[in-house]
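> have a look; sequence and predicted model below, questions after that.
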Amino acid sequence: MSEQEVLYDVTDGIATITINRPTKYNALNTNVRAAMSDFLKQAEDDPTVRVVILTGAGEKAFAAGADITGFPGLNSKEIREPAKQGQDLSVYIESMSKPVIAAVNGFALGGGCELAMACDIRYASGNARFGQPEILLGIIPGYGGTVRLPRIVGLGRAKELVFTGDQINAEEAYRIGLVNKVFESIEALHEGVKELASKLVEKPGVAIKMAKQSLNNAWQQNLSDSLAFELDVFCQTFDTEDKEEGVAAFLEKRKATFKHK
Ligand code: COA
């Protein structure tokens, strides 16, 4: 497997995973999906990593979706495994104990939009464009697009995007809540994402993990089950060293230093 199609870097507690097929608009082929999966697991297992950034190489695309060159002649049985590989990536991102930030530096279409939607926080550059254009190929989103998009932007907007295959620009994506923040340039985007990641590196790791689990759980479950889950994980944070440190720091009017324990 050539892992140069995906780059991996760890600096100051931040793992950056970069899809690196810029001439193909970072289209997701089997190798890219496999390498991304490996690097996400590496980041999850590395105790020095506190935050993960997912982005695309170049100035054109975050990822323009699944690699369409692999589609001709594929039937329903043959597409199932690659599609499952894409869905599994999105599920894994959500299951990770660490925050994953999508730095959307251009087109986030199809599987690219779906991967971004699986990330915890999405920041975008002004040239970013989002969409689920699968309908234009006679197919539908298959990495969770029909499931996560309506939960993020509402059913009516999701149906419009999925039925038409239309792209929306970064401002519109911000307006409908698909991205948290828009930056003028790609440089400003990477700066802004780094600033956010550095802020999150400092936060108590166990509490971040519990908060992510509870928020994701509440996204899927009913109110009473979600409240019961929140109560459990809230109580668990009281057994951490970081809770003692955070509370002591507040009372002593100093900055807390967390050990992520
Ligand atoms: N799969 C494979 N190759 C892709 C791709 C994809 N999803 N998206 C872009 N590419 C390739 C193009 O084939 C082209 O390669 P080439 O230079 O070897 O011909 C290169 O990336 C640049 O794309 P191009 O179409 O020339 O750029 P553009 O600026 O005119 O358009 C897009 C950009 C993203 C709008 C257009 O490429 C596109 O619609 N891509 C497909 C998006 C899609 O349907 N995704 C869902 C797939 S299920």
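The structure has been received and is ready for your questions.
> for the residue in the stretch 151-261 of the chain positioned nearest to the ligand, name its beta-bridge partners.
Here the stretch 151-261 of the chain gets closest to the ligand at one residue, Gln167, 7.2 Å apart by C-beta to the nearest ligand atom. Any C-beta I mention is one placed from the backbone N, CA and C, and that applies to glycine too. Beta-bridge partners for Gln167, by DSSP bridges, are Gly131.
> number the residues from 19 up from this point.
Let's use 19 as the start, then, which means that last one is Gln185.
> so it touches Asn145, yeah?
No - between Gln185 and Asn145 there is no contact under C-beta atoms under 8 Å: 11.8 Å.
> the strands in the stretch 169-279 of the chain, which residues?
Applying DSSP state E, counting those that start in this stretch to the stretch 169-279 of the chain gives strands spanning 185-187, 199-201.
> which parts of the last one are buried?
Okay, so that is strand 199-201. Going by neighbour count (16 or more other C-beta atoms under 10 Å), the buried part of strand 199-201 is 200-201.
> what sits up against that strand?
By C-beta atoms under 8 Å, 6 or more residues apart in numbering, the surrounding residues in contact with strand 199-201 are 141-144, 146, 188-189, 191-192, 207, 209-210.
> in PyMOL, select just the buried ones from those residues.
Those of those that count as buried under 16+ other C-beta under 10 Å are selected in PyMOL with:
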select buried, resi 141+142+143+146+188+191+192+207+210
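> could you dump the contacts of strand 199-201 to JSON lines with distance to Ile32 and pLDDT?
Shown next, in JSON lines, are the contacts of strand 199-201 (distance: C-beta to C-beta, whole Å; pLDDT from 0 to 100):
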{"residue": "Tyr141", "distance to Ile32": "14", "pLDDT": "98"}
{"residue": "Ala142", "distance to Ile32": "19", "pLDDT": "98"}
{"residue": "Ser143", "distance to Ile32": "19", "pLDDT": "98"}
{"residue": "Gly144", "distance to Ile32": "23", "pLDDT": "98"}
{"residue": "Ala146", "distance to Ile32": "21", "pLDDT": "98"}
{"residue": "Ala188", "distance to Ile32": "23", "pLDDT": "98"}
{"residue": "Glu189", "distance to Ile32": "27", "pLDDT": "98"}
{"residue": "Ala191", "distance to Ile32": "24", "pLDDT": "98"}
{"residue": "Tyr192", "distance to Ile32": "24", "pLDDT": "98"}
{"residue": "Leu207", "distance to Ile32": "15", "pLDDT": "98"}
{"residue": "Glu209", "distance to Ile32": "13", "pLDDT": "98"}
{"residue": "Gly210", "distance to Ile32": "13", "pLDDT": "98"}
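> distance to Glu112 and mean pLDDT added to the strands of the stretch 169-279 of the chain, as TSV?
Listed next are those as TSV, based on distance: least, C-beta to C-beta, whole Å; pLDDT from 0 to 100:
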stretch	distance to Glu112	mean pLDDT
strand 185-187	23	98
strand 199-201	21	98
